[in-house]
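[1] sequence and predicted model, in that order:
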Amino acid sequence: MTTAATSTSDAGTVLAADPNWWRQAAVYQIYPRSFADSNGDGIGDLEGVTSRVPYLVELGVDAVWLSPFYPSALADGGYDVDDYRDVDPKLGTIADFDEMIAALHAAGIRLIVDIVPNHSSNRHAWFQEALASPRGSAARDRYIFRDGEGPDGTEPPSDWRAMFGGSAWEPVGDGQFYLHLFAPEQPDFNWANREVRDDFLHTLRFWADRGVDGFRVDVAHALAKDLTYPLRSHAELEKMRLVTDGSHPLWDREELDEIYAEWRAVFDEYDPPRIAVAEAWVEPSRRHRYAAPTSLGQAFNFDLLRADFDADEFRAIIDHNIASVAVTGSSNTWVFSNHDVVRHATRYGLPADHGREGAVGRGWLLSGGATPPVDAELGLRRARAASLLMLALPGSAYLYQGEELGLPEVADIPDAARRDPTFFRSPGVDVGRDGCRVPLPWIADAPSFGFGPAGSDASHLPQPSWFSSFAVDVEDAVPDSTLNLYRRALALRHALQGDEALTWIETGAAFVLAFARPGGWRSVTNFGDAPFTLADGLGELLLASGPIEGRALPPATTVWLRAAG
Ligand code: GLC
Ligand code: CA
């Protein structure tokens, strides 16, 4: 249908029409409102992204994943979308988007956009129409409206809890309630409705026609739901979380296959086919369903993100995921940080007994003032070692803006400045995700650390004074800064990358993980407390995540080596 428009914005660029570009891409996540602000209103914008394309080129990433930039009241940081086929006026215009994608493509960088299909915002025209329409209307059928329960119908249809806290049902004043698995400002769509399905196909084509190379699919495992009565209790749903047969009423249902097969048909209208990566928090044995070539093609594996800095755990996860992608022919996805979790430079500096509760490492931040001390130096050393290991793994590596600076989590945002609905709905118990969304420091010695234009000190979340030591200009000038480590690693990764084979090298030390990639490329990580001597046979040293003397690999350090032949 739309094939004619496929690569207009690719014309004359350095991007080859390689259908496999995504398999081992280094993908850099931009959370646009916190990346770079071009006009000084304190909100990062698309022009800001365009202005930083040279930075991305120097960093050496293959693609950008852009978190939502659609019109939004920001009830959930942009994951509450008012209009799927437009740009938030606070972030720019469609023309700015076209300019941004042209600049990225001209620089050889692909663009993946975030798509949020489980729910719209409550300001979406369809939801407003649903509110204005009577029960049983076609407008209400696009969402999930149900009658209230109890003698006078004022009780919610079930006791389900929303992900951000509180009831998952919101009354609309006429005896009906609507379902929202996340914030009340995020009503869930009814994916059994044909109009909803068609509208998303329209949206996919809209962005693909503008040259977008792929889509990151938000809560991809939630779209299909079984709401036949009687609705099960919240406790029953929680118990069923572990089911792996597609029978949970809300998560990971079989009908998703059919939905994503339609998406796949749209992706395949383009040359090269558009790609997609599922955000699906499912049991690892179910991940392949989303990664199948008939479905979205790739799925995030959050296993390393949840793991301790531990050799056995890392090895088991790597083995498991290599086996898992072999089932579908997809490629692996590795990630340590994103806009939903505590930055890994901080996570790895937590006392061992503070674990990584809540899957996202936020347990330590829970209120009550009992914030445990973070060993920032250890956290950063481990984060650098883990990232260097990740960048040597076969598959794609997803990097979150600021991790290339070794940026820690901002733990002490004043309550009054917080934005994340998690904080407001828990209420106040879980501080939420703002600490990894603080605008980036670009220039140590500038108001808003260069996030905004010259002279502007506006920032939609407060930046701590210690951000100056992580600023891009500071790290740029320090040869062994985290920024320069990432730059060197990404450049070497490009030069060394062959096929997706990985072979473990047995070192005789249980606390050391060593593996070989094609072409003599090797990565060795010391997860232990004592130095480990690198045998000469392991090859010549190419890069180290920390200071290293001779052949002694210090604790929490990774090296890359190249073996002859
Ligand atoms: C995903 C996003 C998260 C958002 C949620 C609801 O998990 O990554 O930021 O809050 O979906 O859209
Ligand atoms: Ca701005």
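    Looks like it arrived, so ask away. Ligands and ions are numbered 1, 2, ... in the order given.

[2] distance of the residue lying closest to residue 338 once chain neighbours are set aside relative to residue 435?
    If the residues on either side of it in the chain are set aside, residue 338 comes closest to residue 400, at 4.9 Å by Cβ to Cβ, 6 or more residues apart in numbering. Every residue, glycine included, has its C-beta placed from N, CA and C. Distance of residue 400 to residue 435, computed by Cβ to Cβ, to the nearest Å: 13 Å.

[3] overlap in contacts, these two.
    residue 343 (Cβ atoms under 8 Å, 6 or more residues apart in numbering).

[4] shaky segments in this protein?
    The chain contains residues with pLDDT under 70 at 1-14, 352-372, 565.

[5] near ligand 2, which residues of it?
    37, 39, 41, 43, 45 (Cβ under 5 Å from the ion).

[6] among those, the buried ones, what's the PyMOL command?
    The buried residues among the residues of the chain next to ligand 2 can be selected in PyMOL (16 or more other Cβ atoms under 10 Å) with this line:
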select buried, resi 37+43+45
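
[7] and the residues of the chain next to ligand 2, which is closest to ligand 1?
    residue 43 (17.1 Å; Cβ to the nearest ligand atom).

[8] is it true that that closest one touches residue 36?
    No - counting by Cβ atoms under 8 Å, residue 36 is not a contact partner of residue 43; they are 10.4 Å apart.

[9] all strands for the stretch 251-400 of the chain, in order.
    Assigned by DSSP state E, counting those that start in this stretch, the stretch 251-400 of the chain shows strands spanning 275-278, 297-299, 333-335, 396-400.

[10] the last one pairs with which strands?
    Looking at strand 396-400 with DSSP bridges, its partner strands are strand 26-30 (parallel), strand 333-335 (parallel).

[11] just to revisit the earlier point, how many other residues sit next to the residue nearest to residue 338?
    24 (other Cβ atoms under 10 Å).

[12] measure it to ligand 1 for me?
    Distance of residue 400 to ligand 1, given as Cβ to the nearest ligand atom, to the nearest Å: 11 Å.

[13] report the beta-bridge partner residues of that residue.
    Note on residue 400: beta-bridge partners by DSSP bridges are residue 29.

[14] which residues sit in contact with it?
    Residue 400 sits in contact with 28-29, 31, 335-339, 343, 436, where contact means Cβ under 8 Å, 6+ apart.

[15] please apply the same query to residue 294.
    Neighbours of residue 294 in contact, by Cβ under 8 Å, 6+ apart: 257, 260-261, 264.

[16] name the residue closest to the centre of this structure, please.
    Geometric centre of the chain, nearest residue: residue 338, 4.5 Å, by Cα atoms, centre = their mean.

[17] can I assume it is in contact with residue 398?
    Yes - contact criterion Cβ under 8 Å: residue 338 and residue 398 qualify, at 7.1 Å.

[18] overlap in contacts, these two.
    Shared contacts of residue 338 and residue 398 (Cβ under 8 Å, 6+ apart): residue 29.

[19] assign the closest residue to ligand 1 within the chain to helix, strand or coil.
    Proximity of the chain to ligand 1 (Cβ to the nearest ligand atom) peaks at residue 79, 3.4 Å away. Assigned with DSSP: H, G, I helix; E, B strand; the rest coil, residue 79 falls in the coil class.

[20] residue 452 versus the closest residue to residue 467 other than its chain neighbours, what's the distance?
    Counting by Cβ to Cβ, 6+ apart, residue 441 is the residue found nearest to residue 467 once chain neighbours are left out, at 4.1 Å. Counting by Cβ to Cβ, the gap between residue 441 and residue 452 amounts to 11 Å.

[21] what's the answer for residue 173, then?
    In terms of Cβ to Cβ, residue 173 sits 42 Å off from residue 452.

[22] looking at these two, which one has more neighbours?
    residue 452 (25 against 6).

[23] gap between the more buried one and residue 83?
    26 Å.

[24] need the winner for burial among the strands of the stretch 251-400 of the chain.
    Ranked by mean neighbour count, those are led by strand 297-299 with a mean of 28 (mean count of other Cβ atoms under 10 Å).

[25] distance between the ends of stretch 43-61?
    Using Cα to Cα, to the nearest Å, the end-to-end distance of stretch 43-61 comes to 24 Å.

[26] swap that for stretch 230-248, please
    Start-to-end, stretch 230-248 (Cα to Cα) is 14 Å.

[27] in it, what's buried?
    By neighbour count on 16+ other Cβ under 10 Å, the buried set for stretch 230-248 is 231-232, 237, 246, 248.

[28] just those now: which is nearest residue 411?
    Nearest to residue 411 among the buried residues of stretch 230-248, counting by Cβ to Cβ, is residue 237 at 32.1 Å.

[29] run through who's touching the one helix or strand that closest one maps to.
    Secondary structure assigned from DSSP states H and E places residue 237 in helix 234-239. Around helix 234-239, the neighbours that count as contacts under Cβ under 8 Å, 6+ apart are 158-161, 248-250.

[30] repeat the analysis, applying 7 Å as the threshold.
    Here helix 234-239 makes contact (Cβ atoms under 7 Å, 6 or more residues apart in numbering) with 159-161, 249-250.

[31] any idea how far that helix is from the middle of the chain?
    Taking Cα atoms, centre = their mean, to the nearest Å, the mean C-alpha location of helix 234-239 is offset from the chain mean by 27 Å.

[32] which other helices and strands does the helix or strand that residue 199 is a member of contact?
    Assessed by DSSP H and E, residue 199 sits inside helix 194-209. With contacts taken as 3 or more Cβ pairs under 7 Å, 6 or more residues apart in numbering; DSSP states H and E, helix 194-209 sits against helix 256-267.

[33] who's in contact with the helix it packs on?
    191, 197, 201, 204-205, 221, 223-224, 273-276, 289, 294-296.

[34] quick check: buried residues in it?
    Buried positions in helix 256-267, judged by neighbour count with 16+ other Cβ under 10 Å: 256, 259-260, 263-264, 266-267.

[35] quick one: it to helix 194-209, angle?
    Interaxial angle of helix 256-267 relative to helix 194-209 (axes from the mean of the first three to the mean of the last three Cα atoms, to 10 degrees): 40 degrees.

[36] export helix 256-267 as PDB, just CAs?
    C-alpha atoms of helix 256-267 as PDB (Å, rounded to 0.1, in the frame of the first residue of the first chain):
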ATOM      1  CA  LEU A 256      -1.700 -11.200  21.100                       C
ATOM      2  CA  ASP A 257      -0.300 -13.400  18.400                       C
ATOM      3  CA  GLU A 258      -3.100 -12.400  16.100                       C
ATOM      4  CA  ILE A 259      -2.700  -8.700  16.900                       C
ATOM      5  CA  TYR A 260       1.000  -8.700  16.200                       C
ATOM      6  CA  ALA A 261       0.600 -10.800  13.100                       C
ATOM      7  CA  GLU A 262      -1.300  -7.800  11.700                       C
ATOM      8  CA  TRP A 263       1.400  -5.500  12.800                       C
ATOM      9  CA  ARG A 264       4.000  -7.700  11.100                       C
ATOM     10  CA  ALA A 265       2.100  -7.500   7.800                       C
ATOM     11  CA  VAL A 266       2.500  -3.700   8.000                       C
ATOM     12  CA  PHE A 267       6.200  -3.900   8.900                       C
END
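
[37] related to what we said a few turns ago, what's around the residue of the chain closest to ligand 1, how many residues?
    A count of nearby residues for residue 79, using other Cβ under 10 Å, gives 25.

[38] contact partners for the residue lying closest to residue 285 once chain neighbours are set aside?
    Spatial nearest neighbour of residue 285, chain neighbours left out: residue 244 (5.8 Å); criterion: Cβ to Cβ, 6+ apart. Going by Cβ under 7 Å, 6+ apart, residue 244 touches 283, 285-286.
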